[in-house]
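Asks: Sequence and predicted structure are below.
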Amino acid sequence: MIATRMVGSRLIQRMKSRSEQSGNTETRFLERLGTASMLKNTDRIIWFHARDTRSALPLFSVIEQLNDQDLGIDFLLTTRRHEDTTALNQQLPENTIHQFLPIDLDEPITSFVEHWSPNVAVISEGEYWPRILTRLAKAGVPIISINAKLSEKSYKRWLWIPGLAKSVLLSFDLILAQDLHVAQKLRHLGAKAKNIRVTGSMTTTKKLLPYDEALYSSLSSAIGTRPVWLAAATNKSEENVIVNAHKVAMRKNRRLLLLLHTHHTKRSTEIASRHEHQNINFSIQESGDALDEVTDIYITNQSDNLGTYMRLAAVTFCGGSLSNGDTTDPFHPASMGSAIIYGPSTGVYEEDYTRYSTSGAAELVQNGGQLSKTLNKMLSPDISAAMAYAAWEISSEGGDVSGIVTSEILEKLAERSSTNATA
């Protein structure tokens, strides 16, 4: 018991230091010790938990769907990562409170559960904390795992403690797994097969980029049957690489057209001037140049038209991914029906690019040489069409899953209410 208290004390001190570094107040840190910083407005609470603020965003669509039911329910959203939550708090749906997840020790967990007493708990992305799950299960709270995933590292760690793994997984009334591979791992660790469903991932509902039908018709008419690729939101340090890759790709297909989009104004002329006298024809939108049959590279800085350019292009290279990682969300080209090429620097979209790549919708390149080779391969109509379809499928998924989650929560809530009424 003394050893447990000592370990807990050291852990709390480390967490307090991290919390202070993240800019959180003492009050917000106390949430990690089970001390709520806000009061409940109602006794009907649905609790959602996610790893961090980014992982929490897909949960908003479910909360909003439940709000539409007008059931007099409030929502508690917790995250565990030490980070500034100002932006998250500004986006919270109606009737929603954010708190930090308490540390998985007895006293903080007891305080948390006794204060919030959720009617249903929804745990996202395999955030399986033994004490709190066991406590909720003993209290008869229905627990749903959504977007369930399990890395190979986590899976092997759970295999070392099979008894605890089984106990934790048996706490769940329902597990919605991201794929069959995850479902098989969870079943092997002790989850009941009847409680597991493979639904895919519930992703953030994203807005499509603006699309200009008149511009599309005009540019499409000028392009005709030429193959087109787009370099979107390029960084200065990679623009020479992109132009050179286009020149190499043109050796195989002289009619190939590049739409080069830089989000920096007044750089279009600089890009073109670097490649003067190199047997390549530039048209610069900023200078009023028209795109015509002799244009090899059309340079534009019109970010408002990026969605239209993506729809014109069979393949989109996501700028910034060969430089600083300040790149484009792959959802945007995917939703416009464009196959995707990207570099190794994917910034905040690392998981998204991996998902598109794994599904055959995107290709990773490490340098300009690989870019030109990959581009020529992907411009084959059969390949680009198959990749674009795979990309579109991924970009449009998630909505069905949120509907499933909403339905399951309402069912568990009704069962809970019925049980309480007959108790």
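Replies: Now that the structure is in, tell me what you want to look at.

Asks: got a list of what Leu76 touches?
Replies: By C-beta atoms under 8 Å, 6 or more residues apart in numbering, the contact list for Leu76 reads 45-48, 96-97, 99, 116, 118. The C-beta positions use only the backbone N, C-alpha and C, and glycine is treated the same way.

Asks: Let me fix that, I meant to ask about Leu170.
Replies: By C-beta under 8 Å, 6+ apart, the neighbours of Leu170 are 137, 190-192.

Asks: Among these, name the buried ones.
Replies: 137, 190-191 (16 or more other C-beta atoms under 10 Å).

Asks: what secondary structure does Gln366 sit in?
Replies: Recorded secondary structure, Gln366: coil (DSSP: H, G, I helix; E, B strand; the rest coil).

Asks: Tell me how the protein divides into domains.
Replies: 23-204+398-422, 213-396 (automatic domain parsing).

Asks: Helices along the stretch 1-150 of the chain, start to end?
Replies: Assigned by DSSP state H, counting those that start in this stretch, the helices in the stretch 1-150 of the chain fall at 2-21, 26-30, 53-56, 59-68, 86-91, 106-116, 130-138.

Asks: Check which residues of the fifth one are buried.
Replies: It stands for helix 86-91. Going by 16+ other C-beta under 10 Å, helix 86-91 has these buried residues: Leu88.

Asks: and what of stretch 384-392?
Replies: 384, 387-388, 390-392.

Asks: Output the below-cut-off pLDDT ranges for this structure.
Replies: Across the chain, the ranges flagged by pLDDT under 70 are 1-9, 11-13, 15-25, 204-206, 397-400, 417-423.

Asks: The spatially most central residue of it - nearest residue in space that isn't next to it in sequence?
Replies: With distances taken as C-alpha atoms, centre = their mean, the residue of the chain nearest its centroid is Asp352 (5.5 Å). Excluding its sequence neighbours, the residue lying closest to Asp352 (C-beta to C-beta, 6 or more residues apart in numbering) is Pro330, at 5.3 Å.

Asks: ok so, going back, so which of the helices of the stretch 1-150 of the chain is nearest Ala214?
Replies: helix 59-68 (32.3 Å; C-beta to C-beta).

Asks: Going by neighbour count, which residues in that closest one are buried?
Replies: 59-67.

Asks: what's the answer for stretch 103-115, then?
Replies: 103, 105, 108-109, 112-113, 115.

Asks: so how far is it off the chain centroid?
Replies: 30 Å (C-alpha atoms, centre = their mean, to the nearest Å).

Asks: most distant residue from the middle of the protein?
Replies: His277 (43.7 Å).

Asks: can you pull out the helices in the stretch 301-423 of the chain?
Replies: 306-312, 331-335, 350-358, 368-378, 381-396, 399-422.

Asks: just to revisit the earlier point, so the residue nearest to Asp352 versus Glu350, what's the distance?
Replies: 11 Å (C-beta to C-beta, to the nearest Å).

Asks: if we can go back for a sec, does the residue nearest to Asp352 really touch Tyr356, like I thought?
Replies: Yes - in this structure, Pro330 is within contact of Tyr356 by C-beta atoms under 8 Å, at 5.0 Å.

Asks: Which neighbours do the two have in common?
Replies: With C-beta under 8 Å, 6+ apart, Pro330 and Tyr356 have common neighbours 340, 362, 391.
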